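[1] A predicted structure for the sequence below; I have some questions about it.
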Amino acid sequence: MKRRHTEVAAGILLRADGQMLLTSRPEGKPYALYWEFPGGKLEAGESVEQALRRELQEELGITIAAAHPWQVTEHDYPHALVRLHWCKVFDWQGELQMREGQRMAWQSWPPTVRPLLPGAFPVLQMLAQERGLPFDARALGAEGS
Ligand SMILES: Nc1nc2c([nH]c(=O)n2[C@@H]2O[C@H](COP(=O)(O)OP(=O)(O)OP(=O)(O)O)[C@@H](O)[C@H]2O)c(=O)[nH]1
């Protein structure tokens, strides 16, 4: 039977100096402690932007301005087939608070935190391409690439 996609909104928060925000997944979730872009699943009736705004409020305590839709990628995990809607976010209000006990790290290129969530690899590659930087998946810890 064809698996249904789980729709996910993920935010690439970018500071004026070009650094991006990565956060670690809370304990108790699949891939706990892996680093990812903050975000989460769409709830019934929500748009990507609405879901992202809600998730970043819940997880990080910030209120985002515009979410700029950028890319859509997919990843097939044993626990779910996810479709990731990536949005860039340049403006937000409030201080970052890790409300779910996550860790946070502002990262320049290449990101140094490990391990990185496999579903974030394609978008990391796109970010590198956009900046005209070399991308070496193995150096980022990707298996089988
Ligand atoms: N937020 C986020 N999720 C990602 C990324 N990459 C990636 O594969 N995912 C996947 O997208 C899904 C997001 O679901 P989640 O469990 O974080 O969402 P949630 O906060 O709504 O979870 P909940 O079910 O506990 O309410 C997970 O299957 C996760 O593995 C990423 O960079 N950021």
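    That came through fine.

[2] can you tell me which residues contact the spatially most central residue of the chain?
    Note on the chain: the residue nearest the mean C-alpha position is residue 37, at 2.1 Å, using C-alpha atoms, centre = their mean. Neighbouring residues of residue 37 by C-beta atoms under 8 Å, 6 or more residues apart in numbering: 10, 11, 12, 13, 20, 21, 22, 23, 86, 120, 123. C-beta coordinates here come from the backbone N, C-alpha and C atoms, glycine included.

[3] May I have the secondary structure class of the first one?
    Here residue 10 is strand, with the state taken from DSSP: H, G, I helix; E, B strand; the rest coil.

[4] State the distance from it to the ligand.
    4 Å (C-beta to the nearest ligand atom, to the nearest Å).

[5] The closest residue to the ligand within the chain: what's it in contact with?
    The nearest approach of the chain to the ligand comes at residue 119, 1.8 Å away (C-beta to the nearest ligand atom). Residues near residue 119 by C-beta under 8 Å, 6+ apart: 36, 73, 75, 77, 82, 84.

[6] give me the number of residues near the residue nearest to the second one when sequence neighbours are not counted?
    Going back to what we said before, that points to residue 73. Leaving out its chain neighbours, the residue that sits closest to residue 73 by C-beta to C-beta, 6 or more residues apart in numbering is residue 122, at 4.4 Å. Neighbour count of residue 122, defined by other C-beta atoms under 10 Å: 17.
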